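Visitor: structure for this input, please:
(one chain, ligands or ions: 2)
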Amino acid sequence: MIIILRPHAAPKQEQSLCEYIESCGLKAVSVPGDGRSVLCVVGDASALAADYIRSLDFVESVKAVTAPYRLAGRLSHPDDSVISVGSVSIGGGGFAVIAGPCSVESREQVCGIASAVKASGATLLRGGAFKPRTSPYDFQGLRSDGIPLLLEAKRLTGLPVVSEILDMSQLPLFVDVDVIQVGARNMQNTELLKALSRCGKPILLKRGWSNTVDELLTSAEYLMSGGNADVILCERGIRTFETATRNTLDLSAVPVIKERSHLPVIVDPSHAAGKSAYVEPMALAAAAAGADGVMIEVHNDPAHARCDGPQALTPQRFDALCKKLFAVRKAVMSCEN
Ligand code: PEP
Ligand code: MN
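Guide: Ligands and ions are numbered 1, 2, ... in the order given. Now for the predicted structure:
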């Protein structure tokens, strides 16, 4: 930690701050600066109350030199993490294609979509049973009735499944779900994250639409510090002043996350774009930007989908996208080798 003092800071104040730092078992080294002092704290600065130091009127600023995510950070783990989901690996050079409906609506719907996306090259099936809707009047998902239908589609196709959990009380229903999704709305539900850190399953952690990359990584840290190393991050668009799309897909998050963390990162262009016409170009851009995979919403009848129909691709459009997606991946890989 680096503490920059204000020019008017009295030597007595600096002295008392140094004593506080030393009382926490750390060392403070004072570096005289341009009309002001800079204190360098040597040791694990998490023992200090940074906000207290920041609130002192003779302190100008406090800068952390280490990120608040030790386990999720690249420093502690220089190689890319690879998360195994059944026979599928996410991260470390492969490319995951997670596809399926926004919400599970019926056996025919989810099984039909699952078979179609598998034939096109999807590696995992998605489908929400519990839907976190903005309005209480909108379809909330089939809830506990939805999971068995998703599992039927898993048995039919062999695809591992991803589904969103909203509350820990739902966990017993997820025993046969391969990857548990924590959605954008719950990215900072720290009690849920702590509980999921002990669930023994890979977690797909989506970025909140008003959260920074560092906040996403700090949420991943909640899962990892509780004992769950199998975390897959997902960029799904953030809220900006732009209204032409549902969210703004922050593709720059991909290289930023890759630099700061060893965890795999996938991109969800469906929730970012909000409109099916924009999904394909953004999915291709994600593949080119170095994402470890994409998550795409697919529906057999988007006009009658009970949730997120406008952004859903039909199985035919998904098939066309996959062909382009694998071509882009191949091109990028051949340039890297
Ligand atoms: C979803 O994936 O179905 C979903 C609700 O996404 P998000 O949490 O990104 O809004
Ligand atoms: Mn959706």
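
Visitor: can I assume Y52 sits in a helix?
Guide: Yes. If the criterion is DSSP: H, G, I helix; E, B strand; the rest coil, then Y52 is within a helix.

Visitor: interface residues of this structure facing ligand 1?
Guide: Counting by C-beta under 6 Å from any ligand atom, the chain comes close to ligand 1 at 102, 128, 132, 164, 183-185, 206, 236, 271. Any C-beta I mention is one placed from the backbone N, CA and C, and that applies to glycine too.

Visitor: tell me which of those fall in helices.
Guide: For the residues of the chain next to ligand 1, membership in helices holds for H271, with DSSP state H as the criterion.

Visitor: which among the residues of the chain next to ligand 1 are in contact with ligand 2?
Guide: When contact is defined as C-beta under 5 Å from the ion, the residues of the chain next to ligand 1 meet ligand 2 at C102.

Visitor: now the residues of the chain next to ligand 1 as JSON lines including distance to L149, neighbour count and pLDDT?
Guide: Supplementary listing: the residues of the chain next to ligand 1 in JSON lines, determined by distance: C-beta to C-beta, whole Å; neighbours: other C-beta atoms under 10 Å; pLDDT from 0 to 100:
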{"residue": "C102", "distance to L149": "14", "neighbour count": "24", "pLDDT": "98"}
{"residue": "G128", "distance to L149": "11", "neighbour count": "26", "pLDDT": "98"}
{"residue": "P132", "distance to L149": "19", "neighbour count": "13", "pLDDT": "97"}
{"residue": "E164", "distance to L149": "15", "neighbour count": "25", "pLDDT": "98"}
{"residue": "G183", "distance to L149": "20", "neighbour count": "21", "pLDDT": "98"}
{"residue": "A184", "distance to L149": "24", "neighbour count": "23", "pLDDT": "98"}
{"residue": "R185", "distance to L149": "23", "neighbour count": "15", "pLDDT": "98"}
{"residue": "K206", "distance to L149": "22", "neighbour count": "26", "pLDDT": "98"}
{"residue": "R236", "distance to L149": "24", "neighbour count": "24", "pLDDT": "98"}
{"residue": "H271", "distance to L149": "22", "neighbour count": "23", "pLDDT": "98"}
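
Visitor: and which of the residues of the chain next to ligand 1 is nearest ligand 2?
Guide: The shortest approach to ligand 2 among these belongs to C102, at 3.3 Å (C-beta to the ion).

Visitor: test my guess that that closest one contacts C307.
Guide: Yes. With contacts counted by C-beta atoms under 8 Å, C102 reaches C307, the gap being 4.4 Å.

Visitor: what residues are shared contacts of the two?
Guide: Shared contacts of C102 and C307, defined by C-beta atoms under 8 Å, 6 or more residues apart in numbering, comprise 128, 131.

Visitor: brilliant, that's me finished.
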